[in-house]
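Visitor: Sequence and computational prediction follow.
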Amino acid sequence: MPEAPPPGELPDRPLRARTYLDSRRFVWHGQTESRLVIEGIERELTQRYIRQYLSPGGLAWLKTVMDRGSPYLPFIREEITKRGLPPELVYLPVIESAYLNTAVSRSGAMGLWQFMRNSIAPFGIRVNEWMDERRDFWKATQAALSKLEENYRYFDDWALALAAYNAGLGAVRRACANSGIRDYWQLSEQGLLRNETVHYVPKFLAVSFVLSRAGRHGLDLGWPETVRWTRIEPGRSVDLGLLAQAAGLDPELLITANRELAYGITPPVPDYMLKVPVQNEAALTQALAEQGTGLLRYYFHTVHSGDTFSALARHYGVSVELITQSNPSINPRYLRIGERILIPALKETAPYEPARNTAGLVFEGNHLVKRGETLWSIALAYDVDPEVLAEANGMQLNDILREGRSLKTPIK
């Protein structure tokens with residue numbers, strides 16, 4: 001994904017694209033034939049790609065790709081129309097990701113619009129243990145269109161804006177500055193752009209030409225726009241499958257719309273927005289509001305001597321924070337043998353078997369007991385089994401410690 005230009009280098013010019021949709025009504029996907037906004041169809045390389053996509057194999061591939069993108073197309077079309085951008089930009093994910101939301105490039109770019117991790121910060125896209133929002137079709141679409149708008153403001157030319165989306169604004173800007181040429185086709189002919197970028201715009205234009213005239217080429221795309229999306233805030237961790245079941249909705253639809261989630265479970269943060277079909281918003285909101293509804297699967301773990309939240313978190317593949325949130329009445333510093341802990345089941349995991357090997361453990365350290373400390377809390381601090389700590393000091397596990405007593409401990 002391209003880098004941002006230095007501050008002050010973006011011309012403050014309005015987008016001419018804002019007038020593209022004012023003069024004519026654009027009907028999507030070959031229902032009527034419309035002239036493409038972005039020029040270059042007559043170019044030799046574009047024509048070569050058009051012939052390639054018009055082959056039987058090419059047409060079959062295009063149909064499969066657009067069928068795959070059908071859940072996302074209504075939202076992308078709406079965003080493009082709202083911003084007044086060239087309508088054919090809806091076809092850009094065809095050459096970026098083949099409309100596969102989980103697509104990963106050789107360089108690590110991710111999602112429908114193929115964002116790199118080092119380019120997501122300006123758009124509020126997050127990547128963490130819970131999710132990779134480069135696969136969030138809502139956020140990534142808005143970010144990609146904003147980037148294209150930014151490129152167009154700089155170059156005042158859509159072919160150059162597209163080239164910059166592929167190669168980076170800085171690379172195309174330097175090519176223009178070093179050569180004095182501000183025309184994508186001339187830069188390509190003179191070998192001043194990398195080969196991938198030379199082919200990028202013609203390939204996009206060819207795909208746009210064929211798909212915008214699908215009926216003429218016997219390509220039945222259909223696209224009944226039955227799914228319209230909105231966003232709601234779960235406010236807690238919920239399993240999408242259980243949420244869909246509670247709301248009487250096909251789970252696959254929720255999963256498809258929220259591919260950014262690593263486990264199919266929403267993160268335990270208040271600002272995550274779940275994408276849901278408009279027609280199901282009320283049912284899903286009601287299911288989330290019913291506190292008695294179990295919307296997350298759990299393992300039950302009975303505390304044994306030496307167990308810690310951190311060890312359980314590593315074993316079950318969850319965060320300590322999530323275990324803590326799932327057990328608000330339990331203090332992780334003072335676990336009691338026999339207590340039952342709820343652990344969110346993010347993946348299939350065998351029961352936890354703690355390691356009990358203390359061979360070689362040497363108690364040559366010294367700890368001065370402070371007010372409120374117990375053998376349990378001190379054992380946690382020194383990563384030692386509480387029973388072993390008690391034995392090393394000639395004590396029982398539940399003995400009361402006096403403030404100021406000196407305990408033998410392992411050396412940290």
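Guide: Structure received. Residues are numbered from 1 along each chain as shown.
Visitor: how much distance is there from stretch 59-66 to the middle of the chain?
Guide: 25 Å (CA atoms, centre = their mean, to the nearest Å).
Visitor: Report the buried residues of it.
Guide: Leu59, Leu62, Lys63, Val65, Met66 (16 or more other CB atoms under 10 Å). Where C-beta positions appear, they are placed from N, C-alpha and C, glycine not excepted.
Visitor: Kindly report the same for stretch 363-373.
Guide: So, applying 16+ other CB under 10 Å, buried residues of stretch 363-373: Phe363, His367, Val369, Glu373.
Visitor: Could you do stretch 271-286 as well?
Guide: So for stretch 271-286, counting by 16+ other CB under 10 Å, buried means Tyr272, Leu274, Lys275, Val276, Pro277, Asn280, Glu281, Ala283, Leu284.
Visitor: which SSE is the residue lying closest to the fourth one once chain neighbours are set aside in?
Guide: Just to be clear, that refers to Val276. Once flanking residues are discounted, Val276 sits nearest to Leu284: 5.1 Å by CB to CB, 6 or more residues apart in numbering. Take DSSP states H and E as the rule and Leu284 turns out to sit in helix 281-289.
Visitor: That helix packs against which elements?
Guide: Helix 281-289 is packed against strand 229-232, helix 240-247, with contacts defined by 3 or more CB pairs under 8 Å, 6 or more residues apart in numbering; DSSP states H and E.
Visitor: what about the residue lying closest to Tyr53 once chain neighbours are set aside, which SS state?
Guide: Among residues not flanking Tyr53 along the chain, Val210 sits closest, at 4.8 Å (CB to CB, 6+ apart). Secondary structure for Val210, judged by DSSP: H, G, I helix; E, B strand; the rest coil, is helix.
Visitor: burial count for Val210?
Guide: Val210: 24 surrounding residues under other CB atoms under 10 Å.
Visitor: wait, doesn't it sit right on Arg216?
Guide: No. Taking contacts as CB atoms under 8 Å, Val210 lies outside contact range of Arg216: 9.2 Å.
Visitor: Point out where the chain drops to low pLDDT.
Guide: 1-34, 222-226, 291-294, 354-361, 412 (pLDDT under 70).
Visitor: what distance separates the helix holding Leu284 from the centre of its chain?
Guide: Taking CA atoms, centre = their mean, one finds the center of helix 281-289 at 23 Å from the center of the full chain.
Visitor: Which positions within the next helix or strand after it qualify as buried?
Guide: For helix 281-289, the following helix or strand on the C-terminal side (DSSP H and E) is strand 298-302. Residues Tyr299, His301 are the ones in strand 298-302 that count as buried (16+ other CB under 10 Å).
Visitor: For Glu321, give me its contacts.
Guide: Residues near Glu321 by CB atoms under 8 Å, 6 or more residues apart in numbering: Pro268.
Visitor: what helix or strand is it on?
Guide: helix 320-326.
Visitor: Quick check: buried residues in that helix?
Guide: Across helix 320-326, burial judged by 16+ other CB under 10 Å covers Leu322, Ile323, Ser326.
Visitor: from those residues, which is closest to Leu346?
Guide: Nearest to Leu346 among the buried residues of helix 320-326, counting by CB to CB, is Leu322 at 8.4 Å.
Visitor: What residues does the closest one make contact with?
Guide: Ser237, Pro268, Ala313, Pro344.
Visitor: Show me the two of the residues you listed that sit farthest apart.
Guide: Farthest pair in the contacts of Leu322, by CB to CB: Ser237 and Ala313, 14.3 Å.
Visitor: who's more crowded, the two?
Guide: Neighbours per residue, other CB under 10 Å: of Ser237 and Ala313, the larger number sits with Ser237, 21 against 17.
Visitor: so how far is Arg68 from the closest residue to that one other than its chain neighbours?
Guide: Computed as CB to CB, 6+ apart, the closest residue to Ser237 that is not its neighbour in sequence is Pro268, at 4.7 Å. Pro268 is 31 Å from Arg68, where distance means CB to CB, to the nearest Å.
Visitor: what's the answer for Leu346, then?
Guide: Distance, Leu346 to Arg68, by CB to CB: 27 Å.
Visitor: that older thread, in terms of neighbours, single out the busier of Pro268 and Arg68.
Guide: Between Pro268 and Arg68, counted using other CB under 10 Å, Pro268 has the larger neighbour count: 20 against 17.
Visitor: part of a strand, is that one?
Guide: No. Applying three-state DSSP, one finds Pro268 to be coil, outside a strand.
Visitor: Wait, it touches Val238, no?
Guide: No. When contacts are counted by CB under 8 Å, Pro268 is not listed as touching Val238 (9.8 Å).
Visitor: Arg173 sits in which helix or strand?
Guide: helix 169-179.
Visitor: quick revisit: just the closest of the buried residues of stretch 271-286 to Thr256, please.
Guide: Lys275 (9.5 Å).
Visitor: Pretty sure the closest one sits against Trp138.
Guide: Yes. Using CB under 8 Å, Lys275 makes contact with Trp138 at a distance of 5.7 Å.
Visitor: got any residues that touch both of these two?
Guide: Residues touching both Lys275 and Trp138 by CB under 8 Å, 6+ apart: Trp229, Arg231.
Visitor: Break this protein down into its domains, please.
Guide: 16-217, 235-289, 298-344, 365-409 (automatic domain parsing).
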